[in-house]
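Trainee: 3D model of this:
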Amino acid sequence: MKHIVSAQNIMMGATGLAVLSALTGCQSAPEQEKVQEGQNKFIVVEQQPNGKYVIVEESPTTGPSHAIIRSTDENGTVSERVLSEAEMKELADQEYKKMEEGKSELNEEPKSEGMGLAGTILAAAGGALLGNMIGNALMNNKNVQRHQEMSNKSAYHRSSSGGASSGSSSSTSQKKSFFGNSASKSTGSSSSFGG
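Mentor: Below is the predicted model:
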C-alpha cells in the first residue's frame, strides 16, 4: 500500500510541476513583449517600384538602432545606404509630429503596401527611437498596426506579432488549459492523500 501512495504522490507532484511550468510560461509572455517593444532595432528597408518602402529584415540589437535603406534604380542597380540612430530618430520624430497634426499617412487606413521612409521607420522602431510612451501610443493606434502589417515583411515581425494578420482576432477563440479542457470550465474533484 505504501508503494501505491508513494507513486500517487510522485505522479501528483510531477503533474503539479507541469502545470506550474505552463502557468509560469504564460505569465512571462507579456513581460517579454514589453522588453521587445523598447529594444533597439536593426532594420533593412527596401524601396518598392511605386516609391514606397517596406521592411524586409528586422531584428533586435544590443547596440544602437540603425537601418539599411536599399533601392534599385531603373537599370536594376541596387544601392544601399546606412541610417544612423540619430538620422532614424530625426525621421521618426518628424513623422510623429505630422501624425499629431493629422497629416501623416499613418493617420489613415493603408491604401497599398508600403509607406514613406519616415512612416516606415516610425512604425517599425518608434518605441526604440522615441521612447516607450510614444511606442505604446503607436501600438494602440489601429491604423499604425494596419500599416505595420502591410509594410513589414520580416520574419521577426511575423513571429513577434504572432503571425496574426490585421483582420483576425485571437480573443474570439476559446482558450484551452494544459489538459485540453476549455479555460472557462472547472472540474470539481477532490482527493485525499494519506498513508
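Trainee: what lies in contact with stretch 84-97?
Mentor: Identification of contacts with stretch 84-97 by Cβ atoms under 8 Å, 6 or more residues apart in numbering yields 40, 64-67, 83, 104, 106, 116-119, 121-122, 125-126, 129-130, 134. In short, each C-beta sits where N, CA and C put it, glycine included.
Trainee: so where is the chain shaky, pLDDT-wise?
Mentor: 1-38, 154-195 (pLDDT under 70).
Trainee: my read: residue 152 touches residue 53, true?
Mentor: No - Residue 152 is not in contact with residue 53 according to Cβ atoms under 8 Å; the separation is 10.5 Å.
Trainee: neighbour count winner among the two?
Mentor: residue 53 (24 against 21; other Cβ atoms under 10 Å).
Trainee: which non-adjacent residue is nearest that one?
Mentor: Using Cβ to Cβ, 6 or more residues apart in numbering and skipping the chain neighbours, the partner closest in space to residue 53 is residue 120 (4.4 Å).
Trainee: contacting residues for the one you found?
Mentor: Contacts for residue 120 (Cβ under 8 Å, 6+ apart) come out as 45, 53-55, 114, 151.
Trainee: torsion angles phi and psi at residue 55?
Mentor: Main-chain dihedrals, residue 55, degrees, to the nearest 10: phi -90, psi 130.
Trainee: my bad, should have said residue 67
Mentor: phi -140, psi 150.
Trainee: so it bridges to which residues?
Mentor: Judged by DSSP bridges, the bridge partners of residue 67 are residue 43, residue 83.
Trainee: name the helix or strand for residue 133, please.
Mentor: Here residue 133 is covered by helix 132-139, with elements defined by DSSP states H and E.
Trainee: who touches that helix?
Mentor: 37-38, 96, 122-123, 126-128, 144-145.
Trainee: switch to 10 Å and redo it
Mentor: Here helix 132-139 makes contact (Cβ atoms under 10 Å, 6 or more residues apart in numbering) with 33-34, 37-38, 92-93, 96, 99-100, 106, 122-131, 144-145, 147-148.
Trainee: which ones among the contacts of residue 120 are found in helices?
Mentor: residue 151 (DSSP state H).
Trainee: ok so, going back, so the residue nearest to residue 53 versus residue 56, what's the distance?
Mentor: Residue 120 sits 11 Å away from residue 56, taking Cβ to Cβ, to the nearest Å as the criterion.
Trainee: swap in residue 135?
Mentor: On the measure of Cβ to Cβ, residue 135 and residue 56 end up 22 Å apart.
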